[in-house]
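[1] got a sequence here, can you build the structure:
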Amino acid sequence: MKDFKTPSGSKGRKPTLKVPFKARRGKRPPLPKGFQPLPNPRAAEQSSRKATNLRQLSGRALSLLRHPRLRPGRVLLLGALAWMILGAAVGGNALWDAPLRTVTLAGSNDLSVDAVASLGGLHPGMPLSDIDPYALAQKITASPNIRKADVRRVFPGEVIITIEERRPAIRVSERGGAVVLLDEDGVVLESEPGNRSTGESGESLPLVSGLARSALPNTVLDDPALTRGLQALGHMKRLGFEGIERTVIEAGHPFLLRIRLPDGHRLIVPGDRMASALTAYRRMVRETPTLLAGPRLIDLAALGADGGGRVFLRNP
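    This is a model prediction of the structure:
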């Protein structure tokens with residue numbers, strides 16, 4: 001049995017408890033049986049303070065409700081607040097799981113609501129919570145004829161889809177003779193010429209031929225001949241050529257372009273000096289209109305970068 005011992009020469013000191021303990025790392029020495037730790041006065045004070053604050057708050061709330069002037073209003077206010085919380089929880093869940101009833105389509109000239117809804121996999125009665133606007137927009141823009149799509153859910157039971165269609169800007173003749181439509185970004189469209197109610201049929205678009213690669217729907221056509229043809233069309237628009245929508249450009253040769261204009265002129269233009277050659281041609285049309293009257297084959301390949309050089313005129 002262990003007892004308290006006061007060593008000699010330690011008068012007035014607190015007795016020490018001698019407990020045999022084998023030192024172990026991370027272990028506290030065991031306490032003897034019947035040992036009661038001293039209470040922590042700070043912990044007791046904190047718990048007492050918390051209890052006092054809780055009693056004060058509850059007392060204030062009860063005093064507000066028991067006030068002779070404000071008691072009816074306070075009770076009604078608390079009841080209305082509880083009713084709103086309950087209604088929001090129940091009604092919000094009902095709105096979130098509401099079935100799809102209406103699909104509204106905006107920005108479309110050629111595509112119907114049913115066609116766009118089928119692209120996104122929408123069907124009447126499906127819960128609105130199962131519709132992801134971002135995933136639905138990605139499904140819709142996977143179509144070759146749709147450039148952008150924005151999807152919004154309107155509770156209860158409506159989905160609004162706003163799309164931007166791809167408009168044909170140029171025709172391209174492939175090696176096999178098939179003609180496809182491209183938009184301004186060079187994306188191959190799925191529709192055939194004349195099958196879209198765009199106000200302009202496919203036949204009223206400029207045609208570029210001589211491509212070496214095949215055109216796949218909903219892909220960007222990357223072909224050197226197409227690049228040269230688009231550059232020539234850009235220079236012609238800048239210089240004010242008329243009837244560009246009926247222009248045919250043969251861009252298969254890497255150094256020469258053959259351009260057929262609506263007025264019957266056929267131009268041979270160098271591929272590396274397109275801008276200077278087309279500028280010289282426009283100057284000739286303004287200065288010598290009688291010389292270029294009627295169908296002519298105009299060879300501009302010998303012109304230099306400054307527009308100087310010889311121009312050969314031939315009958316087609």
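
[2] phi first, then psi, for the closest residue to residue 306 other than its chain neighbours.
    Leaving out its chain neighbours, the residue that sits closest to residue 306 by Cβ to Cβ, 6 or more residues apart in numbering is residue 276, at 6.7 Å. The way it works is simple: take the backbone N, C-alpha and C, and place the C-beta from them, glycine included. Backbone torsions of residue 276, given as degrees, to the nearest 10, read phi -70, psi -40.

[3] repeat that for residue 154.
    According to degrees, to the nearest 10, residue 154 has phi -120, psi 110.

[4] that one and residue 160 touch, don't they?
    Yes - at 5.9 Å, residue 154 counts as touching residue 160 under the criterion of Cβ atoms under 8 Å.

[5] tell me which of those two has more neighbours.
    When residue 154 and residue 160 are compared on other Cβ atoms under 10 Å, the one with more neighbours turns out to be residue 160, at 15 against 11.

[6] confirm that the more buried one sits in a strand.
    Yes - counting by DSSP: H, G, I helix; E, B strand; the rest coil, residue 160 is found in a strand.

[7] that one bridge partners, please.
    Under DSSP bridges, the beta-bridge partners of residue 160 are residue 104, residue 152.

[8] residues touching the residue nearest to residue 306, list them.
    By Cβ atoms under 8 Å, 6 or more residues apart in numbering, residue 276 lies in contact with 303-307.

[9] if we go to 10 Å?
    235, 269-270, 300, 303-309 (Cβ atoms under 10 Å, 6 or more residues apart in numbering).

[10] lowest pLDDT pick from the residues you listed?
    In terms of pLDDT, the lowest of these is residue 307, showing 68.

[11] returning to what we had before: joint contacts of residue 154 and residue 160?
    102, 104.

[12] confirm that residue 279 sits in a strand.
    No - secondary structure of residue 279 (three-state DSSP): helix, not part of a strand.

[13] in the stretch 51-200 of the chain, which spans are helices?
    71-96, 113-120, 133-141 (DSSP state H, counting those that start in this stretch).

[14] wait, residue 222 sits on residue 213?
    Yes - with contact defined as Cβ atoms under 10 Å, residue 222 and residue 213 form a contacting pair (7.4 Å).

[15] and these two? which has more neighbours close in?
    More neighbours surround residue 213 than the other of residue 222 and residue 213, with 13 against 9 (other Cβ under 10 Å).

[16] just the element for the more buried one, please.
    For residue 213, there is no enclosing helix or strand under DSSP states H and E.

[17] in space, what's closest to it - neighbours in sequence excluded?
    residue 223 (4.8 Å).

[18] who are the contact partners of that neighbour?
    With Cβ under 10 Å, 6+ apart, residue 223 has these contacts: 172, 174, 186, 208, 210-215, 229, 251-252.

[19] again, 7 Å this time
    For residue 223, the contacting residues are 211-213, by Cβ atoms under 7 Å, 6 or more residues apart in numbering.

[20] check residue 100 too.
    122, 124-126, 128, 157, 159.

[21] counting neighbours, what do you get for residue 205?
    Neighbour tally, residue 205, other Cβ under 10 Å: 22.

[22] any idea how far it lies from residue 176?
    19 Å (Cβ to Cβ, to the nearest Å).

[23] ends of stretch 236-244, how far apart?
    End-to-end span of stretch 236-244 (Cα to Cα, to the nearest Å): 8 Å.

[24] so for that stretch, what's the average pLDDT?
    Here the average pLDDT along stretch 236-244 is 89.

[25] residues in contact with that stretch?
    206, 233, 261-262, 278-279, 282.

[26] do the same with stretch 252-267
    Contacts of stretch 252-267 with the rest of the structure, by Cβ under 7 Å, 6+ apart, involve 209-210, 225, 228, 232, 243, 246-251, 268-271, 274, 281, 292, 294-298, 300-301, 316.
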